[in-house]
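Asker: Structure here, sequence nowhere to be found:
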């Protein structure tokens with residue numbers, strides 16, 4: 001069995017493991033949000049509204065997930 005460097009890191013680093021399992025979903029989100037032009041005020045406003053709609057739902061779901069790593073923010 002051939003392990004990549006990322007596979008080895010994932011065994012020891014929860015953030016690397018999370019990135020591996022969520023890569024496809026992140027690509028879908030990137031594709032969905034790529035339609036917004038952040039340099040256009042109207043499009044940027046639509047981006048912020050879309051983000052504001054989904055963020056509370058994601059935060060509620062995350063609160064129900066047990067065993068997720070605690071990620072420290074910048075100090």
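Answerer: The structure has been received and is ready for your questions. Quick caveat, the model's predicted, so the values are computed rather than measured. Residues are numbered from 1 along each chain as shown.
Asker: Can you get me a residue count around residue 19?
Answerer: As a burial measure, residue 19 scores 14 neighbours (other Cβ atoms under 10 Å). Where C-beta positions appear, they are placed from N, C-alpha and C, glycine not excepted.
Asker: Toward the C-terminus from the host helix or strand of residue 19, list the very next helix or strand.
Answerer: Per DSSP states H and E: residue 19 is located in helix 14-33. Following helix 14-33 in sequence order, the next helix or strand is helix 41-63 (DSSP H and E).
Asker: between that following helix and helix 14-33, how big is the angle?
Answerer: Angle, helix 41-63 to helix 14-33, by axes from the mean of the first three to the mean of the last three Cα atoms, to 10 degrees: 140 degrees.
Asker: how about residue 68, secondary structure?
Answerer: Three-state call for residue 68 (DSSP: H, G, I helix; E, B strand; the rest coil): coil.
Asker: mind listing what's buried in stretch 41-59?
Answerer: Residues of stretch 41-59 classed as buried: residue 47 (neighbour count, 16 or more other Cβ atoms under 10 Å).
Asker: Centre of the chain to it, how far?
Answerer: Taking Cα atoms, centre = their mean, to the nearest Å, one finds the center of stretch 41-59 at 14 Å from the center of the full chain.
Asker: How about stretch 40-47?
Answerer: Distance of stretch 40-47 from the chain centroid (Cα atoms, centre = their mean) equals 21 Å.
Asker: And for that stretch, what's in contact with it?
Answerer: Here stretch 40-47 makes contact (Cβ atoms under 8 Å, 6 or more residues apart in numbering) with 33, 36-38.
Asker: repeat that for 6 Å
Answerer: Applying Cβ atoms under 6 Å, 6 or more residues apart in numbering, the contact partners of stretch 40-47 are 36-38.
Asker: out of those residues, which is most surrounded?
Answerer: residue 36 (17 neighbours).
Asker: what's the distance between that residue and residue 58?
Answerer: The gap separating residue 36 from residue 58 is 18 Å, by Cβ to Cβ, to the nearest Å.
Asker: Brilliant, that's me finished.
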